[in-house]
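*Asks:* Below is the sequence, then the predicted model.
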Amino acid sequence: MRNKLTAGLVTTCLSAATLALLPATSAQAADPMCSSGSIKYTWSTVSKSPVVTHRKAIEHYTGGIVTKTVSASSVTSITASVTATAGAEVSGGVALASLSGKVGLELKAEGSRTKTTAESITHRLSSRGKYVLYAGTVKTQGYYTQFRCDRGTRWINTGNYGKAISFTVATEGGLKCGTTVPAGSLASYAKRYC
């Protein structure tokens, strides 16, 4: 009886030892590094900059506090676009979604364009002086390289590359010329029209 128990324990220990010696990669081989056939984009020279799309300069010397609504003319237009190497298969929607994640902004879809007609802007004029009423957005652009997942094991450069441009939600405001505003803000760009 003792011999049978001893033999059973030896067999169990040998089986456990055999399992322990198996390489860990065997169990993990089924876990892919990426989803086979999926596409990703890497980005370089990515930039974000405020752009004034509409503006109107006005003067207020009548005294008192007034609220003015003006028709601001279009001065710049931005179109969301994705360009690619000749013959490349690139999804503009996927590329812009990738750029959106890169810059942390909700970007407009390919083909979207900022308003080219006049923009109605309302602002409260609190003191005498010259004002600029403006509307604008943040223009974002970057250069991409496209990669494809090969059999779930590695990312391969497809040789496709290009440029993407888009913009985020519109912002409007007004400022009195001579007012100090934060550097790099949309207002700092609007001051150029004072």
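*Replies:* Arrived safely.

*Asks:* my read: V181 touches Y189, true?
*Replies:* No - assessed by C-beta atoms under 8 Å, V181 is found out of contact with Y189, at 9.5 Å. Glycine gets a C-beta too; all of them are placed from N, C-alpha and C.

*Asks:* out of these two, which sits in the more crowded spot?
*Replies:* Y189 (17 against 14; other C-beta atoms under 10 Å).

*Asks:* Helix or strand: which one has that one?
*Replies:* Using DSSP states H and E, Y189 sits within helix 186-190.

*Asks:* neighbouring contacts of that helix?
*Replies:* Outside helix 186-190, the residues that touch it by C-beta atoms under 8 Å, 6 or more residues apart in numbering are 50-52, 55, 132, 134, 136, 138, 171, 173, 175, 181-182.

*Asks:* with these in mind, which one is nearest to W155?
*Replies:* When those are ranked by distance to W155 (C-beta to C-beta), V138 comes first, at 29.9 Å.

*Asks:* Can you report how many residues lie near the closest one?
*Replies:* 19.

*Asks:* Grab the nearest non-local neighbour of it.
*Replies:* T168 (4.9 Å; C-beta to C-beta, 6 or more residues apart in numbering).

*Asks:* now do L175
*Replies:* Per C-beta to C-beta, 6+ apart, closest to L175 is A187, 5.2 Å.

*Asks:* With L105 instead?
*Replies:* T168 (4.7 Å).

*Asks:* From K139, how far out is that neighbour?
*Replies:* 9 Å (C-beta to C-beta, to the nearest Å).
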